[in-house]
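# predicted model and sequence follow; I will ask about them next.
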Amino acid sequence: MDVDSMIATYVDDVTQLLPRKQRRDVALELRELVREELQGRAAAQGRVLDADIALAGLRAFGTPQDVAARYFEPWVIVPATQTRRFGFAAVIGIAVLVALTPLSNESSPANSLALAILAWLGVLVVYFGCRSLMQRRGASEAAWVPRERDKVNRIGSVLLIVVIGLGIIAYGAPGWLFAQLTHGHKLAAWLDYDPTFHDTRLPVLFVLWGCQAILFATLAVRGRWNVSLRRVDVALGAAVVLVLLWFLVAGPVFREAVPNRVALSLISASILFLLIDIGVKLYRGVDRVAGEVAFDAPSLSMTRK
């Protein structure tokens, strides 16, 4: 193949990757750039431009895909900056589906799990693809707004305290709560706790929940996180995980087998969610406040807090 045919083929391979409206202009520009590059390479070697020099020069110029990307940014379903989030979401979803598999009544849980995993990955691909397309078209672009990472939503903290209180009532006295909600009806006997669990293990969880309620009350008053409070938050989360693991191995939760099996599956899923939450907090850094960089407004000099 002669030099002109090589250049024409290379330019054609590049332009075929571009939108049709750009192909003609890019082809004219690229043909001149490539020829100048090849002639310069031949002159540097003191030779006449031939097929060998052209082939080496075109390969050095870049693959058609790389060159096309210089003229047009292709639509990427999962942008490079979102790859880690995509992978993280995929792993979390798969882990949750695996943890919840014992709750399924399907005769072939393996097949159901495989289909659920494929469906979850498909949902992620569609979500990230739509998000990428919207950002590409500028529909979701907005001016960056600074935010205080350590600011606390006081109302949210109070609501979490209420949720903890309701949780203690619901799990501590389910029969009483059911009677209040149903005008005196009794909860089914097959939902009775195992006495050992109710008297010795469950109160430990309530103590930790009470500590978390105190933490949220402190945040509601202060309105801000600090290093110590973040450490306490992670420590309490880890303690809850340990208690839930204790629930799994120490004996039955309910007297009857069916509700006990469901409870153990839900406890396993809760442990998974809590571990993910703790991992995210540790990944972001509970000590990040201590490492912040402060700027002097007049001199813009950086100092460590």
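Sure, I can see it. Numbering: from 1, shown residues only.
# give me phi/psi at Phe254?
Phe254 has phi and psi values of phi -110, psi 160 when expressed as degrees, to the nearest 10.
# so that it lines up with my notes, have the first residue be 603 from now on.
New numbering, starting at 603: the last item is Phe856.
# how near is it to Trp848?
Taking C-beta to C-beta, to the nearest Å as the measure, Phe856 and Trp848 are separated by 16 Å. Backbone N, C-alpha and C define where each C-beta goes, glycine included.
# of the two, which one has the most company?
Neighbour count, other C-beta atoms under 10 Å: between Phe856 and Trp848, Phe856 has more, with 19 against 13.
# ok, now which ones touch that one?
By C-beta atoms under 8 Å, 6 or more residues apart in numbering, Phe856 lies in contact with 792-796, 799, 862, 865.
# try Trp778
By C-beta under 8 Å, 6+ apart, the neighbours of Trp778 are Ile771.
# what's the following helix or strand after the helix or strand hosting it?
Element membership of Trp778 [criterion: DSSP states H and E] is helix 776-783. Next along the chain after helix 776-783, taking DSSP H and E as the criterion, comes helix 797-798.
# show me how far that next one is from its chain's centre.
When distances are taken as C-alpha atoms, centre = their mean, to the nearest Å, helix 797-798 is centred 39 Å away from the chain's centroid.
# and the closest residue to Val605 other than its chain neighbours, which of the three is it?
In space, and not counting its chain neighbours, Val605 is closest to Ala656: 4.5 Å by C-beta to C-beta, 6 or more residues apart in numbering. The three-state label for Ala656, taken from DSSP: H, G, I helix; E, B strand; the rest coil, comes out as helix.
# ok, Ala656 - contacts?
Ala656 makes contact with 605, 608-609, 640, according to C-beta under 8 Å, 6+ apart.
# repeat that for Val843.
So Val843 contacts 873, 876-877, 880 (C-beta under 8 Å, 6+ apart).
# go again with 10 Å.
Going by C-beta atoms under 10 Å, 6 or more residues apart in numbering, Val843 touches 872-877, 879-880.
# roughly how far apart are it and Leu807?
Per C-beta to C-beta, Val843 is found 11 Å from Leu807.
# Pro621 now?
Applying C-beta to C-beta to Pro621 and Leu807 gives a distance of 59 Å.
# of the two, who's got more company?
The neighbour count for Pro621 versus Leu807, taken as other C-beta under 10 Å, is higher for Leu807 (19 against 11).
# quickly find the element holding that one.
Using DSSP H and E, Leu807 falls in helix 804-824.
# for that helix, name the packing helices and strands.
Contact partners of helix 804-824 among helices and strands, from 3 or more C-beta pairs under 10 Å, 6 or more residues apart in numbering; DSSP states H and E: helix 756-774, helix 829-852.
# give me the pLDDT value at Gly893.
Listed pLDDT for Gly893 reads 45.
# for Asp889, that is, sorry about that
pLDDT, Asp889: 59.
# same question for Lys907.
The score at Lys907 is 43. That number is its pLDDT.
# I figured Cys813 hits Leu838, correct?
Yes - at 5.7 Å, Cys813 counts as touching Leu838 under the criterion of C-beta atoms under 10 Å.
# and stretch 790-808, which residues are buried?
Within stretch 790-808, the residues that qualify as buried are 795-796, 799, 803-804, 807, counting by 16 or more other C-beta atoms under 10 Å.
# give me the mean pLDDT for that stretch.
92.
# show me how far that stretch is from its chain's centre.
Counting by C-alpha atoms, centre = their mean, stretch 790-808 comes out at 35 Å from the chain centroid.
# mind saving the C-alpha coords of that stretch as PDB?
The C-alpha trace of stretch 790-808 is given here as PDB (Å, rounded to 0.1, in the frame of the first residue of the first chain):
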ATOM      1  CA  ALA A 790     -49.700 -14.300  68.000                       C
ATOM      2  CA  ALA A 791     -47.900 -16.700  70.400                       C
ATOM      3  CA  TRP A 792     -45.500 -17.900  67.600                       C
ATOM      4  CA  LEU A 793     -44.000 -14.400  67.600                       C
ATOM      5  CA  ASP A 794     -42.800 -14.700  71.300                       C
ATOM      6  CA  TYR A 795     -39.200 -14.100  71.900                       C
ATOM      7  CA  ASP A 796     -36.900 -16.700  73.300                       C
ATOM      8  CA  PRO A 797     -36.800 -15.800  77.000                       C
ATOM      9  CA  THR A 798     -33.000 -15.800  77.200                       C
ATOM     10  CA  PHE A 799     -32.700 -13.500  74.200                       C
ATOM     11  CA  HIS A 800     -35.300 -11.100  75.600                       C
ATOM     12  CA  ASP A 801     -33.900 -11.000  79.100                       C
ATOM     13  CA  THR A 802     -30.100 -11.000  78.500                       C
ATOM     14  CA  ARG A 803     -29.200 -10.100  75.000                       C
ATOM     15  CA  LEU A 804     -31.800  -7.600  73.800                       C
ATOM     16  CA  PRO A 805     -31.200  -5.100  76.600                       C
ATOM     17  CA  VAL A 806     -27.600  -4.800  75.600                       C
ATOM     18  CA  LEU A 807     -28.700  -3.500  72.200                       C
ATOM     19  CA  PHE A 808     -31.100  -1.100  73.800                       C
END
